[in-house]
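need the 3D shape of this:
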Amino acid sequence: MLRKKYIFLLLLLLTSGVLFPFSRLYAQNAPVSTIGMVNSYSNSATVQVTAINILNIGSFSIKILYDSTVVHPTGATVGPQLGGNMSVNLNLPGIIYLSWYTYPGVTITGNPVILNLNFTKVANGTSALSWSDNGVSCAWYDGNGAMLNDAPTSSYYIAGSLSFSSPNAPHTFLSTLNVCQGTTVSMPVKVSAFSNIGSLTLTLNYTQAALVYLSFTNTSGFPGLSVNAGQPGTLVISGSVSTGGNGITLADSSVLVTLNFNSLAGPGTLAWTDNGTSCQYAGPPPVSYILNDVPQNTYYLNGTVSGTTIPGASGVIIGPVGGNVCPGQTGVNFSIPAVPNATVYVWSLPPGAQVTGGAQTNNISVTFGSLPGNWDINVYANNVCGNGQASPVFTVYVNEPPTITAQPVSPDTVLAGAGSASFHTGASGSLLTYQWQESAGGWHDILNAGVYGGTSTSTLTITNPPVAMNGNQYRCIVGGLCPPQVVSDGNARLYVTDITGTGDNDPGKNGNKQNLSMDVFPNPVVSEFNIRYFLPETGHAVLEISDLCGRRMEVLSIGDETAGTHLTAKKVDMHPGLYLLTLTLQNIKGTTAITKKIMLQQ
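Numbering: from 1, shown residues only. Predicted coordinates:
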């Protein structure tokens, strides 16, 4: 008797799984539960859960997962044949907990509905409805409370889905294209709000005089997509998913199909035509719900193709007068008449020049660099088809500003009223102008009048000046096409003497012709002075300067001279002070000399 009790206890432990939990002995298999697949075009839906093999079932506990961004559960009820009592827990987003029980256990044949799951739409899309079983989260029990076998999970719990779709058709639209005549044009057929589509038919008319249909590309990969071009000027686009297949969803502005044409002359239009069924979208099978596409102009937008040719030839460039510009000059305008079919204009400019306004147009503003020279400018028009013929060249002259290359120097001393003196300025630059000025204590312009000539040239000539002009300074202002003006240094002077050799001041007059004589002027001396001397006889004349101690400082050789009165000008470069100027005459009769004191000033 005791032995029988031990055997019964062992069997009880084995069936309960206490001794070997992975070797639990089940009374029977659980029912096979299937969640339905529903596609709804409204804002709410009910998904049914069915089961087979319901034999003496007393209770179950199940856990179902869903996508909370697409659907929201509002409740659940048991099927009419199941009866009993059920509790529902919807507190955690994405999870549905359901517990059901009845007594005694029920047996139902066939494939009855055991649950009705109610949802509302959060957004268009598809939510998977799947089972979550960790061993106990999904479990069935018989009428005696024994757990039933439900392993493997995939054999006993079949997942489903719920899709919410818009009742309206997608928006289908074509582009406006500008292409080159005679080339292939690819017209994309784009769609938006394309969600859970099972089939489509689209009818498109096109201008045969402008477009020749070539082929199509199933850009989106929509199942069974084809294009029927059997009727001239008309294309019928169609496609559908297979029976039992899921609807197709595409991102907004996706290309559904690309239509390829050859572009002929002139513009062409592509227009949808909808007689009710010639343009139509439907949901997936088996329902194949027909989607609303009224009014047509809201759901189907037409397109155009414009044929473009290469731009025409560019005309004559209008620029600065004579083509003259200056280094660094800004705001220099160049333009040509507008060229037909031009999209942009491409300008060729000198080195260092930059477009500062109107870039890529037919009217530009340019800033020039510092590099002088002659340069050619041209322009051509461009569009997607290529370049037009370039304009004739416009030669621009980047002119050099004026520069003084040689300063004026003091000419030889002239006799008052009986000689002329010239001052010359060397300069480089473009279109130079000259204005001479004189200073006898302040600078002022001089004109071609009286003793003055060449006042607006590079060489100033003063003819028969009076002695009052002695020591006047002269300079030249040089201008040109380009700024700035430049001014010579103003160091050149005019030296005028009134000693003629025959007047009362002649040292050889009034019986003194047999004596060696000499006059110096001006005295004091700045840097240049005049010497008038009388030689009673022919001989070799020498001038020399010495200091007051008799030390020779400089020899101003004259050379062989004839008898008579002579005038010469000399320059000296010595420190200021008092010096002795000695004139010596040597001939066969001997040597004679005369000395004068001179004062040198700065």
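
read off the pLDDT value for the spatially most central residue of the chain.
Centroid check for the chain by C-alpha atoms, centre = their mean gives residue 359 as the closest residue, at 10.8 Å. The score at residue 359 is 96. That number is its pLDDT.

name the element it belongs to?
Using DSSP states H and E, residue 359 sits within no helix or strand.

same check on residue 376?
Here residue 376 is assigned to strand 373-383, by DSSP H and E.

so how far is that strand from its chain's centroid?
Relative to its chain's centre, strand 373-383 lies at 21 Å (C-alpha atoms, centre = their mean, to the nearest Å).

that one pairs with which strands, parallel or anti?
Sheet pairing of strand 373-383 (DSSP bridges) gives strand 344-348 (antiparallel), strand 386-387 (antiparallel), strand 394-398 (antiparallel).

and those, which one is worst for confidence?
strand 386-387 - the lowest mean pLDDT of the strands paired with strand 373-383, at a mean of 92.

my read: residue 589 touches residue 537, true?
Yes - Residue 589 is within contact range of residue 537, at 6.8 Å (criterion: C-beta atoms under 8 Å). (Glycine included, C-beta is placed from N, CA and C.)

rewinding a little: which of the residues in the strand holding residue 376 are classified as buried?
By neighbour count on 16 or more other C-beta atoms under 10 Å, the buried set for strand 373-383 is 375, 377, 378, 379, 380, 381, 382, 383.

now stretch 564-571
565, 566, 567, 568, 570.

do a quick rundown of the strands in the stretch 101-250 of the chain.
113-121, 125-131, 139-142, 157-158, 160-164, 171-173, 176-180, 184-192, 194-197, 199-206, 211-217, 226-228, 234-240, 248-250 (DSSP state E, counting those that start in this stretch).

got TSV for the ones you listed, with mean neighbour count, mean pLDDT and distance to residue 413 too?
Listed next are those as TSV, based on neighbours: other C-beta atoms under 10 Å; pLDDT from 0 to 100; distance: least, C-beta to C-beta, whole Å:
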stretch	mean neighbour count	mean pLDDT	distance to residue 413
strand 113-121	20	97	115
strand 125-131	19	94	111
strand 139-142	20	96	135
strand 157-158	19	97	129
strand 160-164	23	93	115
strand 171-173	19	97	98
strand 176-180	16	88	84
strand 184-192	20	96	91
strand 194-197	23	93	105
strand 199-206	21	97	100
strand 211-217	16	96	96
strand 226-228	14	97	107
strand 234-240	19	97	105
strand 248-250	19	94	104
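
looking at the ones you listed, spot the one closest to residue 395.
Closest to residue 395 of those, according to C-beta to C-beta: strand 176-180, at 34.1 Å.

tell me what angle that closest one forms with strand 373-383.
120 degrees (axes from the mean of the first three to the mean of the last three C-alpha atoms, to 10 degrees).

any low-confidence regions in the stretch 1-150 of the chain?
1-25, 27 (pLDDT under 70).

could you redo the last one with a cut-off of 50?
1-23 (pLDDT under 50).

strand partners of the helix or strand where residue 586 lies, parallel vs antiparallel please.
Assigned by DSSP H and E, residue 586 falls within strand 577-587. According to DSSP bridges, strand 577-587 forms sheet pairs with strand 539-546 (antiparallel), strand 590-600 (antiparallel).

give me whichever of the ones you listed is most buried.
strand 539-546 (a mean of 18; mean count of other C-beta atoms under 10 Å).

so what touches it?
531, 533, 535, 552-561, 570, 572, 574, 579-587, 598 (C-beta atoms under 8 Å, 6 or more residues apart in numbering).

ok, stretch 169-176 next?
187-195, 197, 202, 256, 270, 272, 279-281, 291-293, 298-304, 306.

higher neighbour count, residue 589 and residue 537?
residue 537 (16 against 10; other C-beta atoms under 10 Å).

contact partners for the more buried one?
563, 585, 587, 589.

mind running it again at 6 Å?
563, 587 (C-beta atoms under 6 Å, 6 or more residues apart in numbering).

same question for residue 268.
When contacts are counted by C-beta under 6 Å, 6+ apart, residue 268 touches 207, 210, 211, 305.

now for these: which two are most distant?
Maximum distance among the contacts of residue 268 (C-beta to C-beta): 8.2 Å, for 207 and 305.

higher neighbour count, those two?
residue 305 (24 against 17).

one step back: could I get the strands of the stretch 101-250 of the chain as TSV with distance to residue 463?
Shown next, in TSV, are these (distance: least, C-beta to C-beta, whole Å):
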stretch	distance to residue 463
strand 113-121	111
strand 125-131	107
strand 139-142	134
strand 157-158	126
strand 160-164	111
strand 171-173	92
strand 176-180	77
strand 184-192	85
strand 194-197	100
strand 199-206	93
strand 211-217	89
strand 226-228	100
strand 234-240	98
strand 248-250	99
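
among those, which is nearest residue 77?
strand 113-121 (4.7 Å).

that older thread, nearest to residue 40, of the buried residues of stretch 564-571?
residue 570 (122.3 Å).

neighbours of the residue nearest to that closest one when sequence neighbours are not counted, how many?
Nearest residue to residue 570, sequence neighbours excluded (C-beta to C-beta, 6 or more residues apart in numbering): residue 556, at 5.0 Å. For residue 556, the neighbour count with other C-beta under 10 Å is 15.

looks to me like residue 556 is in a strand.
Yes - according to DSSP: H, G, I helix; E, B strand; the rest coil, residue 556 belongs to a strand.

contacts for stretch 147-162, please.
With contact meaning C-beta under 6 Å, 6+ apart, stretch 147-162 is reached by 26, 28-30, 32-38, 45, 47, 71, 119, 126-131, 133, 139-141.

start to end distance for it?
Stretch 147-162 has its terminal residues 30 Å apart, counting by C-alpha to C-alpha, to the nearest Å.

could you do stretch 134-145 as well?
OK, stretch 134-145 end separation, C-alpha to C-alpha: 20 Å.

that stretch: how far from the chain's middle?
On C-alpha atoms, centre = their mean, the centre of stretch 134-145 falls 70 Å from the chain's centre.

what's in contact with that stretch?
Counting by C-beta under 6 Å, 6+ apart, 27, 30, 56, 58-63, 104-105, 131, 147-148 sit against stretch 134-145.

again with stretch 90-107
Contacts of stretch 90-107 (C-beta under 6 Å, 6+ apart): 55-64, 68, 73, 83-84, 86-89, 142-143.

try it again at 7 Å.
If you take C-beta atoms under 7 Å, 6 or more residues apart in numbering as the criterion, stretch 90-107 is touched by 54-66, 68, 73, 76, 78, 82-89, 115, 142-143.
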